[in-house]
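[1] any chance you could fold what I've pasted below:
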Amino acid sequence: MLFPNPTILALGIFVTSQLGSFTTAQSPSATQTGGDADGLASATLTAATPTPETADINGTPTTFRPLFTVPSAAGYGATLLPNIEDPQAVNAQDVCPGYTATNVERNVLGLTATLTLAGAACNVYGNDIDTLNLTVQYQSADRLAVRVTPAIITTSNSTQYNIPDYIVHQPTADTDANSTSLTNDLNFVWSNDPTFSFTIFRKSTGDTLFSTAGTKLVFEDQFVEFASALPENYNLYGLGETIHGLRLGNNFTKTMYNADVGDPIDLNIYGTHPFYLDTRYYEIDSSTGNLTLVTSNETDPTADYLSYSHGLYSRNAHGQEILLRPTNITWRLLGGSIDLYFYAGPTQPEVTSAYQMSAIGLPVMQQYFTFGFHQCRWGYENWTVLQSVVDNYEKFGIPLENIWTDIDYMSQYRDFDNDPIRFNYSEGATFLSALHGSGRHYIPIVDSAIYVPNPNNASDNYSVFDNGNATGSFLNNPDGSLYIGDVWPGYTAFPDWLSAGAGQWWINEFVEWHSNLDFDGAWIDMSEASSFCVGSCGSGNITMNPVHPPFLLGGEPGDIIYSYPEGFNLTNATEAAAASSASASQASAYPTPASASPTSYLRTTPTPGTRNINHPPYVINNVQGDLAVHAVSPNATHADGTQEYDVHNLWGHQILNATYNALLQAIPTVRPFIIGRSTFSGSGKYAGHWGGDNTSLFAYMFFSIPQALSFSLFGIPMFGVDTCGFNGNSDEELCNRWMQLSAFFPFYRNHNTLSANPQEAYVWASVIEASKTAMNIRYQLLPYMYTLFYLAHTTGSTVMRALAWEFPNDPSLAAADRQFFLGPAILVTPVLDQGYTNVSGVFPGSGKGEVYYDWYTLSPVKATAGQNVTIDAPLGHIPVYIRGNNVIPTQEPAMTTRDARNNPWGVIAALSLEGSASGSLYIDDGQSLVQNATLYVEFTASSSALYASPRGTYNDTNPLANITVLGVQQSVSNVSLNGISVPSSSINYNETSKALIVTGLANMTSCGAWMSDWVLNWG
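    Presented below is the predicted three-dimensional model:
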């Protein structure tokens, strides 16, 4: 909630005034093309400012101004019908002429050509561009680039076609491409029959990977379309960000337009990642060795298969749709160029690594503490409440690494400014000193819009805005006036990341704020960028500031939360009935206005020589409809003349870049820790990501897995979701299961919305125990997880992995997304449905040389090829397995990662059926941006021996406490470490589980487990 007076705020008094005449901020005129004519800078209030009112505070009459509520109509956009649903929509393929290729010139890395319209311009959803340039370049041994751009680009139209390289890196040919490209497995072929098309073949198999044959290229200033055939029942993954299963399926329209919206299923949400992985399975003929493409979802577990994967990255940031249909894929872009990069693979790890190495950059290396548990919620009222949360975690023995604050800490929801009463800097310094002293950390939210102070109220000063405005750091309207939208604090301005001053201004504000508040990272929210009204609704209205959003906040009358997870009526019948009754009463008292079915839709047509920025003729299936709803309007203008229409999907990416640079200055020498909501290809080199405003439902717990796996493909491994759910009330069963599942995600945070029931891990007794059980495993595995991140940061490998990626030749795993691997060694099989006490899971490779060991019993799992095994999983138990042939470093857990890093080491060697295993461990100081010393340990097990070979100069003095070897088939009576016998009292061999546990090694490694090479022998 918003309050103009901190004293009133502290007392919880809330007064709103909704004034009568508020001009709609964006006209629905079909001829809008920009400038003042579209109404974006003309929103005004015709009613007078409300007169002051008086409240009695501790017996003293106090005058205050009622808070104006922005009318809900301010957020309404034009009524639009998506093209894919519009029966009147014209199919561009039916009316457009395509292009013809001429002037083909070959060079050492490929070819160039000129493409000209093959007939009369169709101008179906924009103005046709007559002449295009085609560039084909074999850039490396595994990458092929295909670019189609306008032949004539001037300063007046350059931004509509090309993403600047300084914002999103453009891959170029490797320095040795002249030689390496000769081995490229991809082959580009083009044709003019009947119009220009191209095909990408895989030379080693003859398979067609991408072909526009049979379709026409359409290239207009607001509409670009190209399509490719795909095989039956294809397997595509990626194309984010969407709440969807891992395998995308063949009847799905993927919209890419970054949106502020609460995690709807199958629609566009916060980020844009125009990359896909295509995996194709072939059955091997046992007699001839011939390969037959698998086009059925049914496979034979006894047959032999081989897979090939390739990737495609479309470097385009405009609003767009990708239509996945049974036989083809169609790309429809609202502008920009065709800038494609094909990655030959032929495996997922090779594709993902090459994509990161060449195009988007490697994931940022995280500080060690970030892998601890994080607690947050919207609704922590003050430092005292925050301290009580920390104390409760300590009281119940649940590890807590990081405490977060949502927008509650802000002074009237304004960035870089703490509430002077509830979250003042003096008390904050005391709180943070104790928090840091206990080895814990603090992360505050930072929103994306900046409050514009009321010029008629001298006390409403806000230097953050003044500083930004003085440096030209904010977006403008087309007429040059300040673009003013509406977000949490009221009428707000938005940083212009293309301006010369915004980056340094952002750095300065972070540095100044950190001098008052010793935070440890930043949580960037609302960065699509979101605005609660359409257009520049604050222009002419800032004398009303601060204002209340045009909707109720959680807990306000009419917005009490009564929703619960699936099955709550079965497990909590009485409470569910009461909630249902209260919900019905609320709905009756605060009815939602009935919305009539629209009788007409705004349809625009191309205008020669200009673009319709706010309402492009082609209407994508945007979750919010009008592109300006809950977003900065498309015609908001940047300092260089670029309009938001062309770079909307990059805003969130740029604020992450700016924040990364700001934290480098505010907290120098340490790796910046950032979690952001809106992302684009390449954001992973700056930040991690959380799944946004999910809901407390078992369905969303399931969707967290394919979300995380998709972001593995996008190069953002630091991913997690709001554990137990953000929207709605959670319950004991859901939170029990979810706290255990999220313990195996890289980013592990519990967070929920304002006024929802508390859901911290200590709220329910069973959740306390479930959380401690899962955290015990997680904290033991922190060295393993940290090593995975080091490898991701240096090689482009993944952290969370789909089963299909670890077992690429098993087509039955193509759609598997209810289990996952953490790295190569840990298989997690969670219960994802309400009311179940068991779960079905597969053990990939079983019967074909693979073995798995139960984490809890250390026993090998009995499973056959393709078998779905029913696993006991009572509430509080999450099935976790160690895959054979892996060595995992561990460390004794503690309440914080600081203390865990000082504990003794352990090693788990899970032997393969042949008795071998390998693994690695990376160690550094856990925080420094530039490391003075590091240590890398390689483990190898074979022939009844386990070897550790460290290299590097980082000095870790923690001893080795124990070694566990799984799958030891013969009884063990003698164990030695570097030739020195281990006392029999320290040797425990279990004949049933075949597990050997060696303890008491601390004295033998008192100088440090990794001070020198060692070998453990047993027999």
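[2] does residue 928 really touch residue 668, like I thought?
    No: using C-beta atoms under 8 Å, residue 928 is not in contact with residue 668, being 10.5 Å away. For every residue, glycine as well, the C-beta is placed using N, CA and C.
[3] more crowded one of these two?
    residue 928 (14 against 9; other C-beta atoms under 10 Å).
[4] centroid residue for this structure?
    In the chain, the C-alpha nearest the mean C-alpha coordinate belongs to residue 689, at 3.9 Å (C-alpha atoms, centre = their mean).
[5] give the bridge partners for that one, please.
    Beta bridges link residue 689 to residue 676, residue 719 when assigned by DSSP bridges.
[6] contacts only, for the closest residue to residue 370 other than its chain neighbours.
    Residue nearest to residue 370 in three dimensions, not counting chain neighbours: residue 673, with 5.3 Å by C-beta to C-beta, 6 or more residues apart in numbering. The neighbourhood of residue 673, defined by C-beta atoms under 8 Å, 6 or more residues apart in numbering, consists of 366-367, 370, 443, 520-522, 663.
[7] how much space between residue 673 and residue 521?
    3 Å (C-beta to C-beta, to the nearest Å).
[8] what touches both of those two?
    With contacts defined as C-beta under 8 Å, 6+ apart, the residues shared by residue 673 and residue 521 are 370, 443, 663.
[9] from those, which ones fall inside strands?
    Members of those lying in strands (criterion: DSSP state E): residue 443.
[10] of the shared contacts of residue 673 and residue 521, closest to residue 722?
    Proximity of the shared contacts of residue 673 and residue 521 to residue 722, judged by C-beta to C-beta, is greatest for residue 443, which lies at 14.2 Å.
[11] quick one: the closest one and residue 518 touch, right?
    No: judged on C-beta under 8 Å, residue 443 makes no contact with residue 518 at a distance of 11.7 Å.
[12] more neighbours, those two?
    Just comparing residue 443 and residue 518: by other C-beta under 10 Å the higher neighbour count belongs to residue 443, 21 against 17.
[13] need the pLDDT of that one.
    On the pLDDT scale, residue 443 is placed at 98.
[14] if I look at the residue nearest to residue 370, how far off is residue 1016?
    Using C-beta to C-beta, one obtains 37 Å as the distance from residue 673 to residue 1016.
[15] which one of the contacts of residue 673 is nearest residue 970?
    For those, the minimum distance to residue 970 (C-beta to C-beta) is 41.9 Å, reached by residue 366.
[16] the closest one and residue 796, how far apart?
    With distances defined as C-beta to C-beta, the gap from residue 366 to residue 796 amounts to 16 Å.
[17] more neighbours: the two, which one.
    Remark: of residue 366 and residue 796, residue 366 carries more neighbours, 27 against 22, as counted by other C-beta under 10 Å.
[18] tell me the SS of that one?
    Assigned by DSSP: H, G, I helix; E, B strand; the rest coil, the conformation of residue 366 is coil.
[19] what's near enough to touch it?
    When the contact criterion is C-beta under 8 Å, 6+ apart, the partners of residue 366 are 671, 673, 688, 718, 746, 789.
[20] isn't residue 533 right up against residue 75?
    Yes: assessed by C-beta under 8 Å, residue 533 is found in contact with residue 75 at 5.3 Å.
[21] can you check which residues contact both of those two?
    residue 550.
[22] re the thing from before, what is the nearest of the shared contacts of residue 673 and residue 521 to residue 273?
    When these are compared for distance to residue 273 (C-beta to C-beta), residue 370 comes out closest, at 22.1 Å.
[23] surely the closest one and residue 720 touch.
    No: under the criterion of C-beta under 8 Å, residue 370 makes no contact with residue 720, lying 10.4 Å away.
[24] overlap in contacts, the two.
    688, 747.
[25] more neighbours, these two?
    residue 370 (27 against 23).
[26] please list all residues in contact with that one.
    With contacts defined as C-beta under 8 Å, 6+ apart, residue 370 is in contact with 402, 521, 673, 688, 718, 747.
[27] how about the fourth one: what's its closest non-neighbour residue?
    If I follow you right, that is residue 688. In space, residue 688 is closest to residue 718, 2.8 Å off (C-beta to C-beta, 6+ apart).
[28] how about the helices in the stretch 51-200 of the chain?
    Per DSSP state H, counting those that start in this stretch, the stretch 51-200 of the chain has helices spanning 92-95, 177-180. These are given in chain order.
[29] summarise which helices and strands the host helix or strand of residue 278 is packed against.
    For residue 278, the element it lies in under DSSP states H and E is strand 268-284. Packing contacts for strand 268-284, counted by 3 or more C-beta pairs under 8 Å, 6 or more residues apart in numbering; DSSP states H and E, involve strand 235-242, strand 252-256, strand 291-293, strand 305-314, helix 348-355, helix 698-713.
[30] for that strand, which positions count as buried?
    Using 16 or more other C-beta atoms under 10 Å as the test for burial, strand 268-284 gives 268-283.
[31] widest-spaced pair of those?
    Distance extremes for these: the farthest pair is 270 and 283 at 39.7 Å, using C-beta to C-beta.
[32] a markdown table please, covering the helices of the stretch 51-200 of the chain and showing mean pLDDT.
    Rendered in a markdown table, the data for these read as follows (pLDDT from 0 to 100):
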| stretch | mean pLDDT |
| --- | --- |
| helix 92-95 | 98 |
| helix 177-180 | 96 |
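[33] nearest to residue 133, of those?
    helix 177-180 (20.1 Å).
[34] and the closest one, how far out from the chain's middle?
    Averaging C-alpha coordinates over helix 177-180 and over its chain gives two centres that are 35 Å apart (C-alpha atoms, centre = their mean, to the nearest Å).
[35] same question for stretch 926-937.
    Per C-alpha atoms, centre = their mean, the displacement of stretch 926-937 from the mean C-alpha position of its chain is 27 Å.
[36] residue 220: what's it in contact with?
    Listed by C-beta under 8 Å, 6+ apart, the contact partners of residue 220 are 123-129, 606.
[37] where does this structure have low pLDDT?
    For the chain, the stretches with pLDDT under 70 are 1-52, 54-57, 62-65.
[38] now do 80
    Within the chain, the stretches falling below the threshold (pLDDT under 80) are 1-65, 155-156, 159, 593-599.
[39] how long is stretch 1002-1019 from one end to the other?
    Using C-alpha to C-alpha, to the nearest Å, the span of stretch 1002-1019 from its first residue to its last is 21 Å.
[40] which residues touch it?
    Stretch 1002-1019 is contacted by residues 904-905, 921, 923, 935, 937, 944-950, 955-961, 963, 965, 968, 970, 972-978, 980, 982, 996, 998 when judged by C-beta under 8 Å, 6+ apart.
[41] got it, and stretch 492-499?
    By C-beta under 8 Å, 6+ apart, the list of residues contacting stretch 492-499 from outside reads 448-452, 465, 468-469, 471-476, 482-486, 502-503, 505-506, 529, 531, 538, 632, 636, 638-640, 642, 647, 650-651, 654-655, 657-658.
[42] just the buried members of these?
    Among the contacts of stretch 492-499, the ones that count as buried (16+ other C-beta under 10 Å) are 448-452, 465, 468-469, 471, 473-476, 482-486, 502-503, 505-506, 529, 531, 538, 632, 636, 638-639, 642, 647, 650-651, 654-655, 657-658.
[43] for residue 798, which residues are in contact?
    Taking C-beta under 8 Å, 6+ apart as the test, what residue 798 contacts is 349, 352, 712-713, 717, 792, 805.
[44] so it belongs to a helix, correct?
    No: note on residue 798: no helix contains this position according to three-state DSSP, which reports coil.
[45] for the remainder of this discussion, apply numbering that starts at 23.
    Will do, 23 is the new start, and the previous item becomes residue 820.
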